[in-house]
Every structure is written in structure tokens, then in C-alpha cells.
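>>> Structure of the sequence below:
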Amino acid sequence: MISFSKKLAFVAAMVALSSQPAHACWTNAAQDAAKIKHLNTMLMVTALRCRNTPDNFLPQYNRFVTKHNSLIGSQNAALKGYLAQTYGARGAEGALDRMSIGFANSYGNGHKTMNCKQLKDLATKLSSESHGVVTMAAAADSTVVGQSWSGPVCPTRIATRP
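Numbers count the residues shown, from 1 in each chain. Below is the predicted model of the structure:
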């Protein structure tokens, strides 16, 4: 027979495990939303760092945000919706804030591979072109430092002919 203390320890362990959020796998759409959030945060932080240099690109960053405001907003909402699957509606806000802060902190000492001139050129290019989710996520792929999400990626299903 199992002692009462062992039963209690088992129940406590089960409660602890069940209270931790189950992380949803990252779909392609959620990954793209995270990449776009990361790109926007990287540009914002580095624009602030570079504002007192000859390569100040705050005006180009502001044009980028103005031009792509609806895309940035829709992807932010998509990312928040994805995070709500794991953390619930209220928890998604905090998770999104932690993600944003993590992105911002990673650029606190500047971009690891791009200088202010290169970042200005990037912001100028992005602010002068039209972009959708795919092309904006591709821009993030080539410029952000580190991965834009943590956790498992959803398996890809390939359709086959019968």
C-alpha cells in the first residue's frame, strides 16, 4: 500500500505539471509574425542608438512604420493570437511584452553584424518598397540576430497523390 505522503507528493507533482502552459507548435504564420515583430523591434532600437550619429535613420524608420503600419499591426495581432493559445488571452499580453523586451535587449549594444550606415540603408529600402508578410519575413530572415521564437515548429504536411 502506498503511504499517504507518497500519494500527496504524486498529487502535488501532477498539479505542478498541469499548471505549466502547453506550448503550441509554431506554425509558418506564427513564425512570420514573430519575425516581423523582431524586425520592427530591431529597427526601432537601433534607430534610437544611431540617432546621434551621421547615419541617423529615425526618419527612415518612421517612414517604414507609417508605410507598413497595417502589416505590422496585423502581424502583431496574429502573434498575440498565437500566444493566447498557450497563455490565454490575458497571459498573451505578458508573453508578447517579454518577447518584445527580449528582442529589444538583444540590440541594446547595437546590431552584431550591421553598423548604423547599413541599418540606415535597410530602413530606407524597407520604407520605400511595398511589402507583404512573405517579403517582410524574408527581410527579417536576412537581418535579425538570433531566432525570433522559441519552442517546437509544427510539422509540415506534404500532400501526396493517391
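
>>> show me the contacts for the most centrally placed residue in the chain.
The centre of the chain sits closest to residue 34, judged by C-alpha atoms, centre = their mean, with a distance of 2.9 Å. Going by C-beta atoms under 8 Å, 6 or more residues apart in numbering, residue 34 touches 26, 79, 99, 148, 149. Every C-beta, even on glycine, is put in place using the N, C-alpha and C of the backbone.

>>> can you pull the buried residues of the helix or strand hosting residue 63?
Assigned by DSSP states H and E, residue 63 falls within helix 58-67. Under the neighbour-count criterion of 16 or more other C-beta atoms under 10 Å, helix 58-67 has 60, 61, 63, 64, 65, 67 buried.

>>> picking up where we left off before, helix or strand for the residue nearest to the centre of the chain, which one?
helix 28-50.

>>> hey, C-alpha coordinates of that helix in PDB?
Taking Å, rounded to 0.1, in the frame of the first residue of the first chain, the C-alpha atoms of helix 28-50 are listed here in PDB:
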ATOM      1  CA  ASN A  28       4.600  29.200 -40.500                       C
ATOM      2  CA  ALA A  29       2.200  32.100 -40.000                       C
ATOM      3  CA  ALA A  30       3.200  32.400 -36.300                       C
ATOM      4  CA  GLN A  31       6.900  32.300 -37.200                       C
ATOM      5  CA  ASP A  32       6.400  35.000 -39.900                       C
ATOM      6  CA  ALA A  33       4.500  37.200 -37.300                       C
ATOM      7  CA  ALA A  34       7.400  36.700 -34.800                       C
ATOM      8  CA  LYS A  35      10.000  37.600 -37.500                       C
ATOM      9  CA  ILE A  36       8.200  40.800 -38.400                       C
ATOM     10  CA  LYS A  37       7.800  41.800 -34.700                       C
ATOM     11  CA  HIS A  38      11.600  41.100 -34.300                       C
ATOM     12  CA  LEU A  39      12.500  43.100 -37.400                       C
ATOM     13  CA  ASN A  40      10.400  46.100 -36.300                       C
ATOM     14  CA  THR A  41      11.900  46.000 -32.800                       C
ATOM     15  CA  MET A  42      15.400  45.700 -34.100                       C
ATOM     16  CA  LEU A  43      14.900  48.700 -36.400                       C
ATOM     17  CA  MET A  44      13.400  50.700 -33.600                       C
ATOM     18  CA  VAL A  45      16.100  50.000 -31.000                       C
ATOM     19  CA  THR A  46      19.000  50.500 -33.500                       C
ATOM     20  CA  ALA A  47      17.400  53.700 -34.900                       C
ATOM     21  CA  LEU A  48      17.400  55.100 -31.300                       C
ATOM     22  CA  ARG A  49      21.000  54.000 -30.900                       C
ATOM     23  CA  CYS A  50      22.100  55.600 -34.200                       C
END
